[in-house]
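A.B. asks: coords below, sequence missing:
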């Protein structure tokens, strides 16, 4: 009864189900297998794109390419020499993929010695008008990112044969105008087709490599034609679709936004269905015989030892040492399970001991944390006592200094917070100025101005005080009453601007300050302003930070640019 109910009947049901679902199973398995092949094939295509991308980055940063930024300043001999050097540089990188450079110039007639794209298949071209090459404008609009487009082949091309091109605008790396030339890699489809042809596909199968809009880049279709999967399809598994006649397998590239599609006729997959059915029938009979033999072996060699292991598991309690069993010495899987079980109990006992020790250490750490939290609280209370002692003792100036010092400490610590409001930072700066005013015996004046609508904006704590300290220490601290410092906070569109300026008489080395902010100067110089600039850029990105310039009328002007935000949820934690 066990064999009939537990083995024979399930086998018959499985056989009946398999004969009715064989076609679907073949489609599923083939779909999975071809999807894995599709992913691997697509990975090699992405490597081609990655190689071109890396090569373009290397080329656009070279001195040979960057020299064309100042093409208007070159003599005719320098233009010719530069053209020859650039041609050679491009040819060194060209093989099956050809690299060209389109230099933007207001005077293309001065470069008549260079052939046009109607003559040369690659090289250096000098242009001014984009009417017949709108893809160059697309590259400029991409802002330095590489794009892929289908364009006409360069050189003699009366039939307007298409090619796949990778376009990248070449920026001015010295910080001038944005784009002065465009780097173009053409005939990329040759590399794509080589990788696609290396994969063996079923008979009459087609392969299409398209961009995100469905434009064919390589494979079975004509380059530039539009290919899309028919609407009358159903989903077998993700990325595997089936219609009445074809199986479609596709994979999308997250890095480059393109798609690789396999189109496989169903007859080439299920044509061997009847042969598979016979194999299934024979396999079912063999399976039935093997299962009978296996049951006899199972009862003697597996079930009884496993029952003993179950009794041991039920009798075990954490921390208890178990007596060894003869089954531990077996050389088969049962012996391995017994050995693993005993080893597990030993490890569990050890973990219990270690957990007890860790709990003790955790309690000790909690006590240390409570103690460290009491230290700032004790300091604030002590300063408060000194403040009231100064009031009662008739020395209000000392009391005011203690109050300002307490304000500096409280806002500087901010209970561990990194971001505080502009109002809190403003209070911190005022307290610092009060202290410095007493220290320098009122030898300078300060002016504070803040727009009302920025008080609740957030900013990293203690970023204004280092700038004020530099203005006093290096600018106006020793000017005997003539020194002035201005501090203003205002909003400009979506940015928050903090301006600190002074009328110091000492000349300022702006190049040295820029070297400190960029990290090129010695690490022990300009720690304060470098720290402020680095903290802002790490949190908000390279578009924000600290900058310096000379003030009209003498002195220095420092500007902190921040995003104007009121909640940290308005801005991501990190930016590239």
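C.D. replies: Perfect, I can see it now. Computed from a prediction, not measured in an experiment: that's the story for all the values here. Residues are numbered from 1 along each chain as shown.

A.B. asks: neighbours around the spatially closest residue to residue 339 that is not a sequence neighbour, how many?
C.D. replies: Closest residue to residue 339 apart from its sequence neighbours, by C-beta to C-beta, 6 or more residues apart in numbering: residue 328 at 5.4 Å. All C-beta spots, glycine's among them, are computed from the backbone N, C-alpha and C. When neighbours are defined as other C-beta atoms under 10 Å, residue 328 has 16 of them.

A.B. asks: and the residue nearest to residue 564 when sequence neighbours are not counted, what helix or strand is that in?
C.D. replies: With C-beta to C-beta, 6+ apart as the criterion, residue 564 has its nearest non-adjacent residue at 4.3 Å, and that residue is residue 496. Taking DSSP states H and E as the criterion, residue 496 maps to strand 495-502.

A.B. asks: could you list the paired strands of that strand along with their orientation?
C.D. replies: Paired with strand 495-502 in the same sheet, following DSSP bridges, are strand 483-492 (antiparallel), strand 556-563 (antiparallel).

A.B. asks: residue 54: which of those is closest?
C.D. replies: strand 556-563 (32.5 Å; C-beta to C-beta).

A.B. asks: distance from the chain centre to the closest one, please.
C.D. replies: Put simply, strand 556-563 sits 28 Å off its chain's centre (C-alpha atoms, centre = their mean, to the nearest Å).

A.B. asks: what's the average pLDDT for it?
C.D. replies: Averaging pLDDT along strand 556-563 gives 93.

A.B. asks: flag every buried residue along it.
C.D. replies: Residues of strand 556-563 classed as buried: 556-563 (neighbour count, 16 or more other C-beta atoms under 10 Å).

A.B. asks: what of stretch 496-514?
C.D. replies: 496-504, 508, 513.

A.B. asks: now do stretch 477-494
C.D. replies: Quick answer for stretch 477-494 (16+ other C-beta under 10 Å): 477, 479, 483-487, 489.

A.B. asks: cool, stretch 526-545 as well?
C.D. replies: 526, 528-530, 532-533, 535-537, 539-540, 544-545.

A.B. asks: out of those, name the ones that lie in helices.
C.D. replies: 528-530, 532-533, 535-537, 539-540 (DSSP state H).

A.B. asks: in TSV, list these along with pLDDT.
C.D. replies: Below are those laid out as TSV (pLDDT from 0 to 100):
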residue	pLDDT
528	83
529	87
530	87
532	88
533	89
535	87
536	90
537	89
539	87
540	89
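
A.B. asks: could you identify the most distant pair in those?
C.D. replies: 528 and 540 (18.9 Å).

A.B. asks: want to try JSON lines for the buried residues of stretch 477-494, with distance to residue 97 as columns?
C.D. replies: As requested, the buried residues of stretch 477-494 are arranged in JSON lines below (distance: C-beta to C-beta, whole Å):
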{"residue": "477", "distance to residue 97": "63"}
{"residue": "479", "distance to residue 97": "65"}
{"residue": "483", "distance to residue 97": "64"}
{"residue": "484", "distance to residue 97": "63"}
{"residue": "485", "distance to residue 97": "60"}
{"residue": "486", "distance to residue 97": "58"}
{"residue": "487", "distance to residue 97": "57"}
{"residue": "489", "distance to residue 97": "54"}
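
A.B. asks: the residue nearest to residue 339 contacts residue 338, correct?
C.D. replies: Yes - the pair residue 328 and residue 338 qualifies as a contact (C-beta atoms under 8 Å) at a distance of 4.7 Å.

A.B. asks: counting by contacts, list what the helix or strand that contains residue 264 packs against.
C.D. replies: Using DSSP H and E, residue 264 falls within strand 259-265. Contacts defined by 3 or more C-beta pairs under 8 Å, 6 or more residues apart in numbering; DSSP states H and E place strand 259-265 against helix 9-60, strand 206-210, strand 246-252.

A.B. asks: what about that strand, distance to the chain center?
C.D. replies: 30 Å.

A.B. asks: numbering from 56 from now on, please.
C.D. replies: With 56 as the first residue, the last one maps to strand 314-320.

A.B. asks: so which bits of it are buried?
C.D. replies: Buried residues in strand 314-320 (16+ other C-beta under 10 Å): 314-320.
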